[in-house]
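> this one's sequence-less:
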């Protein structure tokens, strides 16, 4: 049983950014941005990545922790507003507290449904609150049953637990060249994101990005390691759509040229365009994929913006609008919902990228590894932060330790 509920002000590993202001041309001033924010909830264009830790004190004095936060570009692409600690604290002190104290930890999925049922006013528990609280609930279940979180999830969803690593994908942040060199030296499976988040970084007719993509491929090739064949994954933040006026054919032709220039490496393009709504995004991406198929291009389109909730993931995966769907965990809500989202993608033959945000914490990142491995996601994000080394250490080491535990248990099965 839960004896008490603690909270602690925690910090995400990066910052919350007003994407609309940045897209509109906000100028960088060193690490900061100048100008006024345009998105409600932002006091400045770039603000501290504040989070809230929640600790469930069990009756044996063990404390299971989780961290609540939104993603870096909160309130963009249909996402919930930037995280509000005071609101989260009020929910924990108010309607969520009796729900938590009543749990008996007999069934994970039923407990999640009870805790995250609609609030008394009919509204939903915010995704950020669900995310952090579900981490703590999974930690409590794992402690109670003397299992890893991966085992708890696999058991709850009756899926086989396979002790094989899930490929790790690293993102560069604005240090898009130095960090690529780090990634190549560390033989990262999927790289580099690139943070092509403004028209200026994309360039006229996409020339700057095309040159950068070729440079990344040259860095990989320069490793002179035939066994190293990473996937090249770039996030364009809708900038191909801005440059080519949303024309699906022109966008596809551009992507095909880039794919040819980085061959033989597989190319992923995340968010090539932002069509302004979930319906429009699905329609636009379907057209881009149709034209890529007609061009004989094997580049893969990755959905991110406007694919936020579990219901959105289901729509994108069923429609065939994307080759891969990013399951942005703080947006989806409960970790169990992200787990279900991976299973949905796999059921519809769509790649499942278990992602998240640079503004997450070390704790949420480690829990994510268990969800990725247990659900057999196709790729997982190295998070949090934008420094590469730290994120690879947190995610990579957690996966290595988890695999060692699971392989030892397979050799000597534990009776539950």
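Good, I have the coordinates. If you're wondering where the values come from, they're calculated on a predicted model, not measured in any experiment.
> how many other residues sit next to residue 210?
Neighbour count of residue 210, defined by other CB atoms under 10 Å: 17. C-beta here means a position set from N, CA and C on the backbone, and glycine is covered the same way.
> host element of it?
helix 207-222 (DSSP states H and E).
> how about residue 354?
Per DSSP H and E: strand 351-355 holds residue 354.
> who touches that strand?
166, 169, 300, 302, 304, 323-329, 338, 341-342, 345-346, 368, 371-372, 375, 377-381, 383 (CB atoms under 8 Å, 6 or more residues apart in numbering).
> out of these, which sit inside helices?
Counted as lying in helices by DSSP state H, out of those, are 329, 338, 341-342, 345-346, 368, 371-372, 375.
> which of these lies closest to residue 24?
Set against residue 24, the nearest of the ones in helices among the contacts of strand 351-355 by CB to CB is residue 329 (27.9 Å).
> and that closest one, how far is that from residue 348?
19 Å (CB to CB, to the nearest Å).
> now do the contacts for residue 76.
19-20, 39, 305.
> out of residue 329 and residue 348, which sits in the busier spot?
The neighbour comparison of residue 329 against residue 348 (other CB under 10 Å) goes to residue 329, with 31 against 16.
> starting from the strand holding residue 354, tell me which strands it pairs with and how they run.
According to DSSP bridges, strand 351-355 forms sheet pairs with strand 324-328 (parallel), strand 379-381 (parallel).
> residue 249 reaches residue 292, doesn't it?
No - counting by CB atoms under 8 Å, residue 249 stays clear of residue 292, with 10.0 Å between them.
> quick one: which of those two has more around it?
The residue with more neighbours, out of residue 249 and residue 292, is residue 292; 24 against 15, by other CB under 10 Å.
> residues contacting the more buried one?
Going by CB under 8 Å, 6+ apart, residue 292 touches 252, 255-256, 299, 301.
> one step back: same list (the strands paired with strand 351-355) but as TSV, adding mean pLDDT.
What follows is the strands paired with strand 351-355, written out as TSV (pLDDT from 0 to 100):
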stretch	mean pLDDT
strand 324-328	97
strand 379-381	98
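> can you tell me which strand in this structure is longest?
Scanning the chain for the strand with the most residues, using DSSP state E, yields strand 2-17.
> helix or strand right after that one?
Using DSSP H and E, the next helix or strand after strand 2-17 towards the C-terminus is helix 19-23.
> give the rounded mean pLDDT of that next one.
For helix 19-23, mean pLDDT is 90.
> so what touches it?
33, 35-39, 42, 45, 73, 76-77, 197-199, 237-238, 242.
> return the distance of it from the chain's centre.
In terms of CA atoms, centre = their mean, to the nearest Å, the centre of helix 19-23 is set 20 Å apart from its chain centre.
> tell me the buried residues in that helix?
19-23 (16 or more other CB atoms under 10 Å).
> just the buried subset of the contacts of helix 19-23, please.
Using 16+ other CB under 10 Å as the burial test, the contacts of helix 19-23 include 33, 37, 39, 42, 45, 73, 76-77, 197-199, 237-238, 242 as buried.
> now those in a markdown table, with pLDDT, secondary structure and distance to residue 114?
Output for the buried ones among the contacts of helix 19-23, formatted as a markdown table (pLDDT from 0 to 100; DSSP: H, G, I helix; E, B strand; the rest coil; distance: CB to CB, whole Å):
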| residue | pLDDT | secondary structure | distance to residue 114 |
| --- | --- | --- | --- |
| 33 | 95 | strand | 42 |
| 37 | 96 | coil | 38 |
| 39 | 95 | coil | 34 |
| 42 | 95 | coil | 34 |
| 45 | 96 | coil | 39 |
| 73 | 92 | coil | 31 |
| 76 | 88 | coil | 31 |
| 77 | 80 | coil | 30 |
| 197 | 90 | coil | 39 |
| 198 | 90 | coil | 44 |
| 199 | 93 | helix | 47 |
| 237 | 94 | coil | 38 |
| 238 | 96 | coil | 38 |
| 242 | 96 | helix | 44 |
